[in-house]
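> sequence first, then the predicted structure, then my questions.
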There are 2 protein chains.
Amino acid sequence: MRDFSTDHSALALNTATLGHNLDGHGAGWSPEQVIDACAARGFGGIVFWRREIGRRAVEIGARVRAAGMEVVGLCRTPFLTGSEAGTDDEAKAAIDMAAGLGAPVLTIVSGGTEPGTKGLTDSQKRLAERVAALAPFAAERQVKLALEPLNPMFGGNRTCLMTVREALAICDAVGADNVGVAVDVYHVWWDTTLAESLAGARGRILGYHLCDWLENTRDMLLDRGMMGDGVADLKGIRRAVEAAGYAGFCEVEIFSGETWWRRPPEDVLDTVVARFRTHC
Amino acid sequence: MRDFSTDHSALALNTATLGHNLDGHGAGWSPEQVIDACAARGFGGIVFWRREIGRRAVEIGARVRAAGMEVVGLCRTPFLTGSEAGTDDEAKAAIDMAAGLGAPVLTIVSGGTEPGTKGLTDSQKRLAERVAALAPFAAERQVKLALEPLNPMFGGNRTCLMTVREALAICDAVGADNVGVAVDVYHVWWDTTLAESLAGARGRILGYHLCDWLENTRDMLLDRGMMGDGVADLKGIRRAVEAAGYAGFCEVEIFSGETWWRRPPEDVLDTVVARFRTHC
């Protein structure tokens, strides 16, 4: 096991942490500026969002590797279920972008409840069908698909997967080697059955995402906390993830419209490194 | 089993559905006006909030029964865990109020994560201790205590119980005959293990709360849907609750700052009755 107090090469930045450059939030930095700033601080990798890549996937991927880091993943496919579901062609374009970047993992946020249905059962079946249809296309391009369960507050329009247990059940239903799960502490910190669920993961954990759950969360989407500022048992969750065999990157992903997105990006990155060393 | 299309005597109104009379929302009705309007529409019972009762518990309880209905419950104790936890004396005052009203059940919303701790384990232990200390006081007054798990989005400052399974585990730890659980569809609709958890309830379901989860929930607290307007599988959840032995009231509790609290209360009550007959 790595000693994070002296080695943070396991640390990856999800670029959302710097504010997505949307609506006046965030660094306004180009991918190249993010790459240089992360490399300078000893990050081991970066996770991008599709909107940042455009047609420059190959170029940006090469630039990350030239800086001594890895492209850890890409966010994300269009929704695959619910009233805002995207097409297979849109999902395949995301897979191609991940392949172009050299990102080994593409994250899937499932999408919500299928129109005309209630609850989650029908939507989870539909999700399994769609993932099964996409998995071979992704495998040909050396891309793994990571199903990310979301906090139940995102049920309805964003997710039909609320727990790691459910995401692993979809993996079982799909039965493809390149389909696994992403574990994000913001979404799973509350799940007291997490360690038990993860124990059944058998090598299918494809990502581990860090932030914190603030005691007083003011906004579902945009009020994630910096590690150490909240109530999530980050060390306990990491132990459970590692006990389940995960040895990959720890990806920091903090959506924080009112706090961290308003801070200078250099300070945010320095804080991420410091908190990773002490709190994770 | 009742035929709800012809008999809605199982229907109870949680007065929050009419807006709590706070901040310009809601009916502005007195308890007596709520009682008369519910009785006129064939409701079987009412659940009040402490703020509406003041020192008039005995009087209001008698008024409900004189109108041919039951006081089904009282909301709620102060938090018992977390940084905003109340004292035992405050909790006992709530129990006394329930006894005065003749309310057989007092709801407990646990409160959040204990100061200085992470995750839920320590807070759940503290909750069990506090409930165990209060249970005999409540039993002497013929009041049952209903632990209500909340949607995980309320973790941090409002709850350390996220699932029925966890609430039942607290019941087991406390081991008192008058401690059980309340099942609210807003909080549990997403839990695909709900029926399995409820199967272990063995008579400990003390309340069943109805509303709906809107596909696009805009506010965690105040955007609950009217039954039928959302994605919760209301009939499936009712089947699970009844299969676990529950034969009590169906309590409609809709916090809806922008929609139902702005409608005339008579219309809200008529809609509740109509939707209960067709969607629940």
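Thanks, I have the structure now.

> run through the neighbouring helices and strands of the one helix or strand A:D267 maps to.
Following DSSP states H and E, one finds A:D267 within helix A:265-279. Here helix A:265-279 touches strand A:11-14, helix A:31-40, strand A:250-252, going by 3 or more Cβ pairs under 8 Å, 6 or more residues apart in numbering or on different chains; DSSP states H and E. Where C-beta positions appear, they are placed from N, C-alpha and C, glycine not excepted.

> counting by contacts, list what the longest one packs against.
Using 3+ Cβ pairs under 8 Å, 6+ apart, the elements in contact with helix A:31-40 are strand A:45-49, helix A:57-66, helix A:265-279.

> and chain A, which residues reach chain B?
Within chain A, the positions lying close to chain B (Cβ under 8 Å from any Cβ of the partner chain) are A:82-83, A:112-113, A:117-121, A:124, A:151-153, A:155-157, A:162, A:165-166, A:189-193, A:213-217, A:220, A:230-236.

> restricted to helices, list those.
Of the residues of chain A next to chain B, the ones assigned to helices by DSSP state H are A:121, A:124, A:165-166, A:234-236.

> can I get stretch A:238-250 in PDB, CA atoms only?
Listed next in PDB are the C-alpha coordinates belonging to stretch A:238-250 (Å, rounded to 0.1, in the frame of the first residue of the first chain):
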ATOM      1  CA  ARG A 238     -10.600   3.800   1.100                       C
ATOM      2  CA  ARG A 239      -9.900   0.800   3.200                       C
ATOM      3  CA  ALA A 240     -13.000  -0.900   1.800                       C
ATOM      4  CA  VAL A 241     -12.100  -0.100  -1.700                       C
ATOM      5  CA  GLU A 242      -8.500  -1.300  -1.300                       C
ATOM      6  CA  ALA A 243      -9.700  -4.400   0.500                       C
ATOM      7  CA  ALA A 244     -11.800  -5.200  -2.600                       C
ATOM      8  CA  GLY A 245      -8.600  -5.100  -4.700                       C
ATOM      9  CA  TYR A 246      -8.600  -1.600  -6.100                       C
ATOM     10  CA  ALA A 247      -5.100  -0.200  -6.600                       C
ATOM     11  CA  GLY A 248      -5.800   2.500  -9.100                       C
ATOM     12  CA  PHE A 249      -5.900   6.200  -8.900                       C
ATOM     13  CA  CYS A 250      -7.700   8.400  -6.400                       C
END
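
> show me what that stretch is in contact with.
With Cβ atoms under 8 Å, 6 or more residues apart in numbering or on different chains as the test, stretch A:238-250 has contacts from A:1, A:10-12, A:44-45, A:70, A:72, A:183, A:194-195, A:198-199, A:201-203, A:205-208, A:210, A:276, A:280.

> 6 Å - rerun?
By Cβ atoms under 6 Å, 6 or more residues apart in numbering or on different chains, the residues outside stretch A:238-250 that reach it are A:10-12, A:45, A:72, A:183, A:194-195, A:198, A:201, A:203, A:205, A:208, A:210.

> farthest pair within those residues?
Maximum pairwise distance in the contacts of stretch A:238-250, criterion Cβ to Cβ, is 25.6 Å, between A:G45 and A:A195.

> returning to what we had before: from the residues of chain A next to chain B, list the buried ones, please.
Neighbour counting with 16 or more other Cβ atoms under 10 Å in any protein chain shown marks A:82, A:112-113, A:117-120, A:124, A:151-153, A:155-157, A:162, A:165-166, A:189-192, A:213-215, A:217, A:220, A:230-234 as buried within those.

> centre of the chain to stretch A:149-157, how far?
Distance of stretch A:149-157 from its chain centroid, counting by Cα atoms, centre = their mean, to the nearest Å, is 15 Å.

> what's next to it, contact-wise?
Residues contacting stretch A:149-157 (Cβ under 6 Å, 6+ apart): A:112, A:159, A:161-164, A:167, A:187, A:220, B:151-153, B:190, B:213, B:215-217, B:231.

> re earlier: which of the residues of chain A next to chain B fall within strands?
Assigned to strands by DSSP state E, none of these qualify.

> give me the neighbour count for A:G248.
Using other Cβ atoms under 10 Å in any protein chain shown, A:G248 has 20 neighbouring residues.

> nearest residue to the residue of the stretch 1-150 of chain A found nearest chain B other than its sequence neighbours?
For the stretch 1-150 of chain A and chain B, the shortest gap (Cβ to the nearest Cβ) falls at A:G119, measuring 3.4 Å. In space, and not counting its chain neighbours, A:G119 is closest to B:D233: 3.4 Å by Cβ to Cβ, 6 or more residues apart in numbering or on different chains.

> quick one: the one you found from B:T192, how far?
As for B:D233, its distance to B:T192 is 10 Å (criterion: Cβ to Cβ, to the nearest Å).

> for the ones in helices among the residues of chain A next to chain B, which one is nearest B:E32?
A:T121 (44.4 Å).

> okay, the closest one and A:E215: tell me how far apart.
34 Å.

> and A:G28, by the same measure?
Between A:G28 and A:E215 the distance, using Cβ to Cβ, works out to 31 Å.

> what's near enough to touch A:R130?
By Cβ under 6 Å, 6+ apart, the contact set of A:R130 is A:L80.

> let's see that with 8 Å instead.
A:80-81, A:88, A:91.

> just say helix, strand or coil for it.
Three-state assignment for A:R130 (DSSP: H, G, I helix; E, B strand; the rest coil): helix.

> so what pLDDT did it get?
We have a pLDDT of 98 for A:R130.

> do A:S5 as well
If you check A:S5, the pLDDT there is 58.

> do the one 3 residues further on as well
At A:H8 the predicted local confidence, pLDDT, stands at 87.

> just to check, it is in contact with A:F43?
Yes. Contact status for A:H8 versus A:F43: in contact at 7.3 Å, counting by Cβ atoms under 8 Å.

> shared neighbours, the two?
Any residue near both A:H8 and A:F43 by Cβ under 8 Å, 6+ apart counts here, and that gives A:V273.

> with neighbour numbers in mind, choose between these two.
The residue with more neighbours, out of A:H8 and A:F43, is A:F43; 28 against 21, by other Cβ under 10 Å.

> run a quick neighbour tally on A:D89.
Counted with other Cβ under 10 Å, residues neighbouring A:D89 total 8.

> ugh, wrong one, A:G45
Around A:G45 there are 23 other residues, counting by other Cβ under 10 Å.

> by mean pLDDT, flag the weakest helix or strand of chain A.
When each helix and strand of chain A is scored by mean pLDDT, DSSP states H and E, helix A:50-53 comes last, with a mean of 94.

> got a pLDDT number for A:A247?
A:A247 is given a pLDDT of 95.

> count the residues that sit near it.
Neighbours of A:A247 using other Cβ under 10 Å come to 11.

> for it, give its distance to A:Y208.
10 Å.

> excluding its backbone neighbours, what's nearest A:G207?
Nearest non-adjacent residue to A:G207 (Cβ to Cβ, 6+ apart): A:A182, at 3.7 Å.

> re the thing from before, filter the contacts of A:R130 down to the buried ones, PyMOL style.
Burial among those is assessed by 16+ other Cβ under 10 Å; the matching PyMOL selection reads:
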select buried, chain A and resi 80+81+91
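
> which of the contacts of A:R130 sit farthest apart?
A:T81 and A:D88, at 13.0 Å, using Cβ to Cβ across the contacts of A:R130.

> and A:V181, that's in a strand?
Yes. The assignment for A:V181 by three-state DSSP puts it in a strand.

> dump the residue contacts of it.
Neighbouring residues of A:V181 by Cβ under 8 Å, 6+ apart: A:146-149, A:164, A:167-168, A:171, A:201, A:204-207.

> let me have those residues in a markdown table, extended by pLDDT, neighbour count and secondary structure.
As requested, those are exported to a markdown table (pLDDT from 0 to 100; neighbours: other Cβ atoms under 10 Å in any protein chain shown; DSSP: H, G, I helix; E, B strand; the rest coil):
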| residue | pLDDT | neighbour count | secondary structure |
| --- | --- | --- | --- |
| A:A146 | 98 | 28 | strand |
| A:L147 | 98 | 28 | strand |
| A:E148 | 98 | 23 | coil |
| A:P149 | 98 | 27 | coil |
| A:V164 | 98 | 31 | helix |
| A:A167 | 98 | 29 | helix |
| A:L168 | 98 | 22 | helix |
| A:C171 | 98 | 23 | helix |
| A:A201 | 94 | 22 | coil |
| A:R204 | 97 | 23 | coil |
| A:I205 | 98 | 23 | strand |
| A:L206 | 98 | 25 | strand |
| A:G207 | 98 | 27 | strand |
